[in-house]
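>>> Build me a model from this:
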Amino acid sequence: MPTDEAITKFDQSRAQEYATQSRIALAGYDACHELAACLLSAHLGTGDARILVGGAGGTGQEIISAAQLQSGWQFVAVDPAQTMLDTALERIAQAGLADRVTPFVGTLNALPASAPFDAATLIGVLHHLPLQQAKQDILHAMAERLRPGAPFILACNRCAYESQPLFLAAWAQRWRMAGASDAEVEAKLGKIRQGAVPPASEAEVESLLHAAGFRQPMRFFSSLFWSAWIAFKSPAGSFAM
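Down below sits the predicted model:
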């Protein structure tokens, strides 16, 4: 589960800048969230559904995109960082969707698992967990709170940054396109090198999904270091394939 370091790094200043910076750091940010909503909708169809949103703090975009597409969906927004969750809830309220979202400040393990969800998302979280066991634990926590066969959206950075020097250079150029000075770009490069610890590869992400009880992972989006998958909780009594 999230470490204290992973939680406290998202302080008030980080929360306030997150919406802008995430769209620079990830080319296609909105497209990724829109596709995630479309995939969930294509699988679940119309009607009521309860959606679990892990690591919901920040932009709240996964909730906004999905809620605008499906009026019958309700969301439980979970995040251990109060400031990040407050920032997301403010944006959700501005979109007129606050009455469909139940916030939960804390870790996923602290969220009761008595009422299984119809779908779940975990976007932009996994690479912020420095330990492999923490990555595995949070995926297990998601699976434990889903109905058998329920869809799950996972999106994260998925390779060591220094292993892809061309991508790292292109990432720096994207910040320059957004108006960052050379000094600011160097600071951004230093932060990404010293901060998040992504899975080593797409294969490792899919292995983590299988170990947590998900099957049929399908990558539907990629942008430099970032990829997104839809997978499905294994049916009751079966193993992940």
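>>> can you list the weak-confidence ranges in the protein?
For the chain, applying pLDDT under 70 flags the ranges 1-16, 236-241.
>>> I'd like to know how many residues surround residue 122.
23 (other CB atoms under 10 Å). (C-beta placed from N, C-alpha, C; glycine too.)
>>> what's the distance between the residue nearest the centre of the chain and residue 63?
Taking CA atoms, centre = their mean, the centroid of the chain lies closest to residue 123, which sits 0.9 Å from it. To residue 63, residue 123 is 10 Å away according to CB to CB, to the nearest Å.
>>> Can you name the secondary structure element that comes next after the helix or strand containing residue 210?
Per DSSP states H and E: residue 210 is located in helix 202-212. Counting by DSSP H and E, the element after helix 202-212 in chain order, helix or strand, is strand 214-223.
>>> Each with direction, which strands does that next one pair with?
Strand pairing for strand 214-223, determined by DSSP bridges: strand 226-233 (antiparallel).
>>> CA atoms only for stretch 58-73 - export them in CSV, please.
Taking Å, rounded to 0.1, in the frame of the first residue of the first chain, the C-alpha atoms of stretch 58-73 are listed here in CSV:
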residue,chain,number,x,y,z
GLY,A,58,-5.5,15.3,-8.3
THR,A,59,-7.6,16.1,-11.3
GLY,A,60,-10.6,13.8,-10.7
GLN,A,61,-10.6,13.3,-14.5
GLU,A,62,-11.3,9.6,-14.5
ILE,A,63,-14.5,10.3,-12.5
ILE,A,64,-15.5,13.3,-14.6
SER,A,65,-15.0,11.5,-17.9
ALA,A,66,-16.9,8.4,-16.8
ALA,A,67,-19.7,10.3,-15.0
GLN,A,68,-20.4,12.5,-18.0
LEU,A,69,-20.7,9.4,-20.2
GLN,A,70,-22.9,7.3,-17.9
SER,A,71,-25.5,9.1,-15.7
GLY,A,72,-26.3,6.0,-13.7
TRP,A,73,-22.8,5.5,-12.3
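>>> hmm, back to that, who's in contact with the helix holding residue 210?
Helix 202-212 has contacts (CB atoms under 8 Å, 6 or more residues apart in numbering) with 126, 135-136, 139-140, 142-143, 154, 156, 158-159, 199, 217, 219, 227, 229, 231, 240-241.
>>> that older thread, need the contact list for the residue nearest to the centre of the chain.
Contacts of residue 123 (CB under 8 Å, 6+ apart): 32-33, 36, 55, 62, 153-156, 228.
>>> cool, and residue 118?
44, 49-51, 146-147, 150.
>>> Among those, which one lies nearest to residue 192?
residue 51 (29.7 Å; CB to CB).
>>> domain parsing for the chain?
4-159+198-233, 163-197 (automatic domain parsing).
>>> and among the ones you listed, the most buried is which?
Neighbour counts (mean count of other CB atoms under 10 Å) averaged over each of these peak at domain 4-159+198-233, with a mean of 19.
>>> how far is it from where the chain is centred?
Here domain 4-159+198-233 is found 3 Å from its chain centre; the criterion is CA atoms, centre = their mean, to the nearest Å.
>>> ok so, going back, for the residue nearest to the centre of the chain, grab phi and psi.
Main-chain torsions, residue 123, degrees, to the nearest 10: phi -110, psi 120.
>>> State the helix or strand in which the residue nearest to residue 97 when sequence neighbours are not counted lies.
Leaving aside its chain neighbours, residue 97 sits nearest to residue 67 (4.7 Å; criterion: CB to CB, 6 or more residues apart in numbering). Per DSSP H and E, residue 67 falls inside helix 61-69.
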